[in-house]
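K.L.:
heads up, no residue letters with this:
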């Protein structure tokens, strides 16, 4: 795992929203955030309409990230990963996911590996990539923070993520009541 990256998976949008709100209160800019979530249940736009589909995926991320706009630097990518399902990504992870998503069409059998590779290229280690991939397929929301871009200690970012219900392969979920 990158020593500048803090990441956790959340079981609910509300927990992810709270974590992102607290990160922003701590001064984390949008450009330092990445979010990946399932797109299950989203209506698709008309056949061949990338704009309509992109708008729907953006609405899901707006709900998680808050506010009416995604903010500068938070590009959105929609991914359809066999075995995992449709995913929506925003931030640096979205930029790294697009080439991986294109590779899926060429080699669908390697889909799980492609998601893990995308997460690992983002700076997430193999164990967490496996853990996150499994939970993304069940409706989880992955949030990561580039602490170097946020000018925030990685430990502080991790504490915020875990305090708000995030968990990883090495750290169990804490109740957020």
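P.N.:
Cool, the structure landed. Just so it is clear, the structure is predicted and the values come from calculations on it, not from any experiment.
K.L.:
Please count neighbours and contacts with C-alpha atoms only from this point.
P.N.:
OK.
K.L.:
quick one, helices of the chain?
P.N.:
13-25, 50-65, 92-106, 111-121, 126-136, 147-150, 154-163 (DSSP state H).
K.L.:
other SSEs contacting the fifth one?
P.N.:
I take that to be helix 126-136. Applying 3 or more Cα pairs under 8 Å, 6 or more residues apart in numbering; DSSP states H and E, one finds that helix 126-136 contacts strand 33-38, helix 111-121.
K.L.:
Would you mind putting these into JSON lines with mean neighbour count and distance to residue 9 alongside?
P.N.:
Shown next, in JSON lines, are those (neighbours: other Cα atoms under 10 Å; distance: least, Cα to Cα, whole Å):
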{"stretch": "strand 33-38", "mean neighbour count": "26", "distance to residue 9": "9"}
{"stretch": "helix 111-121", "mean neighbour count": "20", "distance to residue 9": "12"}
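K.L.:
out of these, nearest to residue 167?
P.N.:
Checking the helices and strands packed on helix 126-136 against residue 167 by Cα to Cα gives strand 33-38 as the closest, at 14.5 Å.
K.L.:
okay but residue 36 is in contact with residue 89, surely?
P.N.:
Yes: the criterion here is Cα atoms under 8 Å, and residue 36 meets it with residue 89 at 4.3 Å.
K.L.:
hang on, the earlier thing: quick one: closest of the helices and strands packed on helix 126-136 to residue 138.
P.N.:
strand 33-38 (8.1 Å).
K.L.:
What angle do helix 13-25 and the closest one make with each other?
P.N.:
Computed with axes from the mean of the first three to the mean of the last three Cα atoms, to 10 degrees, the direction of strand 33-38 lies at 170 degrees from that of helix 13-25.
K.L.:
Quick one: list the elements packing against strand 33-38.
P.N.:
Against strand 33-38 (3+ Cα pairs under 8 Å, 6+ apart) you get strand 85-90, helix 92-106, helix 126-136, strand 141-146.
K.L.:
And the ones you listed, which one averages the lowest pLDDT?
P.N.:
Per-stretch mean pLDDT for those is lowest at helix 92-106 (a mean of 53).
K.L.:
what's the neighbour count on the closest residue to residue 28 other than its chain neighbours?
P.N.:
Closest residue to residue 28 apart from its sequence neighbours, by Cα to Cα, 6 or more residues apart in numbering: residue 150 at 4.9 Å. Counted with other Cα atoms under 10 Å, the neighbours of residue 150 add up to 21.
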